[in-house]
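>>> fold the following, please.
(2 chains)
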Amino acid sequence: MLVEGRPAVVELRIPSRPEFVSVARLAILGVASRAKFTYDQVEDVRLAVGEACTTAVERAVKANKTDTNITIRSELSDNKLTIEVRDEVGYPPKTPKAVESPEELDEQGLGALLMELLVDEFKTEPTPEGGTLVRMVKYTG
Amino acid sequence: MGTRRKGGVSEWIEEDAESLFSKYARTKDPRVRNRLVMMHQNLVRFLAGKFMNRGEPIEDLVQVGTIGLINAIDRFDPGRGTKFSTYATPTIVGEIRRHFRDKAWSLKVPRRLQELNLAANKAVDSLSQKLGRVPTVQEIAQAVYASEEETLEAIELGNAYDTVSLDSKLAYEGEAAPLSLAEFIGDTDGSLENLEKYGDLNQAMDCLDQRERSIIYLRFFKDMSQTEVAKRLNISQMHVSRLQQKALKRLKELLSD
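Modelled structure (predicted):
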């Protein structure tokens, strides 16, 4: 969806607290609904963004940095939705912790895997400011 | 000796998954496979739970997810060094998502949200009347027994997706005559609209002269014929006809303004 010939950009900043993850989920629902996505695709995007925010909040809680923020930037262009979830907490280890028992499911590791399955492009990288950037792209159609 | 895990149903759950996988790879013993399936139910539940708000019963999702789990167990090669949960997640999630696709849900907003959207709109109306002001999101959510996020979501989706067919059936399976969405949509209240027009008409009538007003009143409010009106006003029927035409034309002009 182009607004006056340019991609539509919606940016949201939330506190790194669990109760604000649903705010991001709700916002992204609104954004994704404006693209030519099917309902399932909208839900995929929402689930992926929810996971990205949840892992960011978990990292913030672990690092005792719940006073930081998470920025969710979505860009809606002609044929794709690009979402960047940026936090101010450290970059997570590349390989998720080994899990042997299903009772000890490492939500973080599986969360990243789940995100990868739900979107068309997925990338995690450290930011120059020492935080983490999750970049996801979902194509319409 | 492994530590007893929470919900440890029986002895075999204590068995090491790794040795079970190599045993299954060797023997293809269905009993070993069953143990592995039971052992990883939590993985399936965890993943199915992520898709919970798409309106499908969690048990259905667990069931299709378990099909994915079984496929993953059958194909898993323990010698490869991959963790099983990492290996199985794409297969399980794939089955769950296929389930949604197969139900053709991609094409429409789930019934639960459609219903919630209708219920929320209704609640807005009735609450506005009851409270004498626009209700808060919390009040609407309480009225429709949903969370605030869900309620907003339903309203939001209702605005974004206007392609839901009016003929889409809303009743649950098994009900004799399913209601369609169209049946929930209110009509324009005819008598209310008439009342409004009546008021306008009254004003317009004031713009007519005494005789024109009488003709309109007798013809249309007293249901008298042109001849009867002519007699009453002591003029010819032709004259009544002419005056009536002129008066109606004038009223039309006034009302269309």
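>>> going forward, measure contacts between C-alpha atoms and count neighbours the same way
OK.
>>> quick one: low-confidence parts of chain B?
B:1-15, B:103-110, B:156-198, B:257 (pLDDT under 70).
>>> in it, mark out all the helices, start to finish.
Using DSSP state H, the helices found in chain B span residues B:17-27, B:30-39, B:41-50, B:58-75, B:84-102, B:111-131, B:137-143, B:148-160, B:190-205, B:210-216, B:226-233, B:237-256.
>>> likewise for chain A?
For chain A, the helices defined by DSSP H occupy A:21-32, A:39-62, A:107-118.
>>> need the winner for burial among those helices.
Each of those was scored by mean neighbour count; the highest is helix A:39-62, a mean of 23, by mean count of other CA atoms under 10 Å in any protein chain shown.
>>> what packs against it?
helix A:21-32, strand A:80-87, helix A:107-118 (3 or more CA pairs under 8 Å, 6 or more residues apart in numbering or on different chains; DSSP states H and E).
>>> put together CSV for the ones you listed, with mean pLDDT and distance to B:Arg242 on each row.
Listed next are the helices and strands packed on helix A:39-62 as CSV, based on pLDDT from 0 to 100; distance: least, CA to CA, whole Å:
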stretch, mean pLDDT, distance to B:Arg242
helix A:21-32, 89, 61
strand A:80-87, 96, 68
helix A:107-118, 81, 76
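>>> quick one: the residue nearest the centre of chain B from chain A, how far?
Residue closest to the average C-alpha location in chain B (CA atoms, centre = their mean): B:Gln114, at 0.7 Å. As judged by CA to the nearest CA, to the nearest Å, B:Gln114 and chain A stand 12 Å apart.
>>> if we can go back for a sec, tabulate the helices and strands packed on helix A:39-62 in TSV, adding columns for distance to chain B.
Formatted as TSV, the helices and strands packed on helix A:39-62 follow (distance: least, CA to the nearest CA, whole Å):
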stretch	distance to chain B
helix A:21-32	7
strand A:80-87	16
helix A:107-118	7
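>>> shouldn't the residue nearest to the centre of chain B be in contact with B:Ile155?
No. With contact defined as CA atoms under 8 Å, B:Gln114 does not count as touching B:Ile155 (9.1 Å).
>>> could you dump the helices and strands packed on helix A:39-62 to CSV with distance to A:Gly131?
Shown next, in CSV, are the helices and strands packed on helix A:39-62 (distance: least, CA to CA, whole Å):
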stretch, distance to A:Gly131
helix A:21-32, 18
strand A:80-87, 5
helix A:107-118, 16
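>>> note down every partner strand of the longest strand along chain A and its orientation.
Taking DSSP state E as the assignment, the strand of chain A that covers the most residues is strand A:6-15. Applying DSSP bridges, strand A:6-15 is found paired with strand A:2-3 (antiparallel), strand A:69-76 (antiparallel).
>>> phi, psi of the residue located most distally from the centre of chain B?
Using CA atoms, centre = their mean, the residue of chain B lying farthest from its centre is B:Asn234. It sits 64.0 Å away. In terms of degrees, to the nearest 10, the main-chain angles of B:Asn234 are phi 60, psi 40.
>>> how much space between it and B:Glu228?
B:Asn234 sits 10 Å away from B:Glu228 when distances are taken as CA to CA, to the nearest Å.
>>> list the contacts of residue 133.
Because you didn't say which chain, this covers chain A. A:84-87, A:124-127 (CA atoms under 8 Å, 6 or more residues apart in numbering or on different chains).
>>> can you look at chain B instead?
B:Leu127 are the contacts of B:Arg133 under CA under 8 Å, 6+ apart.
>>> any idea how far chain A is from it?
Counting by CA to the nearest CA, the gap from B:Arg133 to chain A is 25 Å.
>>> and what of B:Tyr217?
Counting by CA to the nearest CA, the separation of B:Tyr217 from chain A is 55 Å.
>>> hey, what's the closest residue to A:Phe20 other than its chain neighbours bridged with?
Spatial nearest neighbour of A:Phe20, excluding adjacent residues (CA to CA, 6 or more residues apart in numbering or on different chains): A:Ile14 at 6.3 Å. As for beta bridges, A:Ile14 partners with A:Ile70 under DSSP bridges.
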